[in-house]
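K.L.:
this is a predicted model, with the sequence first.
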Amino acid sequence: MSSAIPVSVITGFLGSGKTTLLGNLLRDPALERTAVIINEFGAVGLDHLLVEASNEQILTLEGGCVCCTVRGDLVRTAGDLLARRAAGTITPFERIVIETTGLADPAPILHALMTDRAIADALRLESVIATVDAATGTATLEAHPESVKQAALADRIVVTKVDLADPEANGLAERLRELNPSAKRLTAVHGATDAALLFGGEHDPKPYDTAPAHRHGVNTFCLRRNQPLHAATLSLFLHVLAEHCGARLLRLKGLVDVLQTPGRPAVIHGVQHVFHPPAWLDAWPDEDRSTRIVVISQGLEAGWMQDLLEALDEEVKKCSIS
């Protein structure tokens, strides 16, 4: 896998508990040597860690962490952190966590991390974490499209304030399963949850076992294939999706069995029209050796996309034979 620095984005609607969660995580030994970028306006309180940082200011926090608040260009701030790390003028962090503003669509942030020449090679998007309020989450999802996008793009959803409301009883848990069945779901009370389940760890194939779902105009489905794909097929498939489906392709992630690299599956990841170059695992993470590609979209059809994948592979086979 890449030696690039892993980046996680914490998103969630206003008042959903992002900052409380982050404040707790920063005291967890699992997040030692972490750089925190708060993409927010005004002073931000991290529980007992008070951060009142202006743009360009970097503070040293407990546990060997550094923190800065962004009121301008997120990419410039990330690049500045990387430059200071290389120069040895700040604590040598090994991870970056970005907290977005509560009204943010996380997609542009993910695009920047994946494509900007100044930082893309040095950083690797590891996860998107969305916080959802157990008490008000259902109403928020109905009233605010931004909250739907935040939950739909997430790899992990943290349901907060479960001491105040039962997400199973009030229907929130079912809403989240329908909206994003591939995301891991955790709970937090007063911001406390297991950092080891949010960051790092081995690749988990379970999120790729999912069924179609429709809610808020968002549908989720899983493409599967038992035979290996040609490398050229994978490249063409991702190119076609980026060119023709980008606006409706909220998220794509998967494990792909590639003919040219037997036993070493490709990990693919994309947001709308932007795709990371495939990364390669040293071995399959479980006994299932099939290709599994989860798609979260607004209106794309699973049958059409599966047919596209198969048709492209047939054309590539013909070219290889001839």
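P.N.:
Nice, thanks for sending it over.
K.L.:
every contact and neighbour count from this point should use C-alpha atoms.
P.N.:
OK.
K.L.:
my guess is Thr140 contacts Ser147, does it?
P.N.:
Yes. Taking CA atoms under 8 Å as the definition, Thr140 is a contact partner of Ser147 at 6.8 Å.
K.L.:
more neighbours, the two?
P.N.:
Ser147 (25 against 18; other CA atoms under 10 Å).
K.L.:
show me what contacts the more buried one?
P.N.:
Contacts for Ser147 (CA atoms under 8 Å, 6 or more residues apart in numbering) come out as 12-13, 103, 140-141.
K.L.:
could you point out which of the residues you listed is nearest to Leu123?
P.N.:
Gly12 (22.2 Å; CA to CA).
K.L.:
hmm, Gln150 and the closest one touching each other?
P.N.:
Yes. With contacts counted by CA under 8 Å, Gly12 reaches Gln150, the gap being 6.1 Å.
K.L.:
out of the two, which sits in the busier spot?
P.N.:
Using other CA under 10 Å as the criterion, Gly12 and Gln150 rank with Gly12 on top: 31 against 26.
K.L.:
so in terms of bridging, what pairs with the more buried one?
P.N.:
Thr131 (DSSP bridges).
K.L.:
show me the strands in the stretch 201-322 of the chain, by range?
P.N.:
For the stretch 201-322 of the chain, the strands defined by DSSP state E, counting those that start in this stretch occupy 213-215, 218-225, 249-256, 266-271, 274-275, 279-280, 291-297.
K.L.:
average model confidence for the first one?
P.N.:
Put plainly, it is strand 213-215. Mean pLDDT, strand 213-215: 55.
K.L.:
with the fourth one instead?
P.N.:
Along strand 266-271, the predicted local confidence has a mean pLDDT of 87.
K.L.:
and if you look at the second one?
P.N.:
Mean pLDDT, computed over strand 218-225, is 87.
K.L.:
quick one: strands adjacent to that strand?
P.N.:
strand 213-215 (antiparallel), strand 291-297 (antiparallel).
K.L.:
hey, least reliable of those by pLDDT?
P.N.:
Ranked by mean pLDDT, these end with strand 213-215 at the bottom, a mean of 55.
K.L.:
re the thing from before, touching both of Thr140 and Ser147, which residues are there?
P.N.:
With contacts taken as CA under 8 Å, 6+ apart, the residues that reach both Thr140 and Ser147 are Phe13.
K.L.:
now the strands of the stretch 201-322 of the chain in TSV, please, with extra columns for mean neighbour count.
P.N.:
TSV is the format used below for these (neighbours: other CA atoms under 10 Å):
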stretch	mean neighbour count
strand 213-215	15
strand 218-225	22
strand 249-256	23
strand 266-271	22
strand 274-275	22
strand 279-280	17
strand 291-297	25
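K.L.:
got these as TSV, with distance to Leu309 columns?
P.N.:
Converted to TSV, the strands of the stretch 201-322 of the chain look like this (distance: least, CA to CA, whole Å):
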stretch	distance to Leu309
strand 213-215	21
strand 218-225	9
strand 249-256	12
strand 266-271	14
strand 274-275	17
strand 279-280	19
strand 291-297	11
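K.L.:
distance of Glu126 from Val9?
P.N.:
Distance, Glu126 to Val9, using CA to CA, to the nearest Å: 8 Å.
K.L.:
could you do Pro29 as well?
P.N.:
19 Å.
K.L.:
which one of those two has more residues nearby?
P.N.:
Val9 (21 against 12).
K.L.:
helix/strand/coil for the more buried one?
P.N.:
strand (DSSP: H, G, I helix; E, B strand; the rest coil).
K.L.:
any weak-confidence spans in this protein?
P.N.:
Across the chain, residues meeting the criterion (pLDDT under 70) sit at 1-2, 40-65, 69-72, 200-216, 321-322.
K.L.:
any idea how far Pro29 is from Arg175?
P.N.:
Counting by CA to CA - Arg175 and Pro29 are separated by 33 Å.
K.L.:
would you map the helices across this structure?
P.N.:
18-25, 74-87, 106-115, 137-143, 145-152, 172-179, 195-198, 231-245, 302-321 (DSSP state H).
K.L.:
between those, which gets nearest to Ala130?
P.N.:
Per CA to CA, nearest to Ala130 of those: helix 145-152, 5.7 Å.
K.L.:
just the buried residues of that closest one, please?
P.N.:
For helix 145-152, the neighbour count (16 or more other CA atoms under 10 Å) marks 146-152 as buried.
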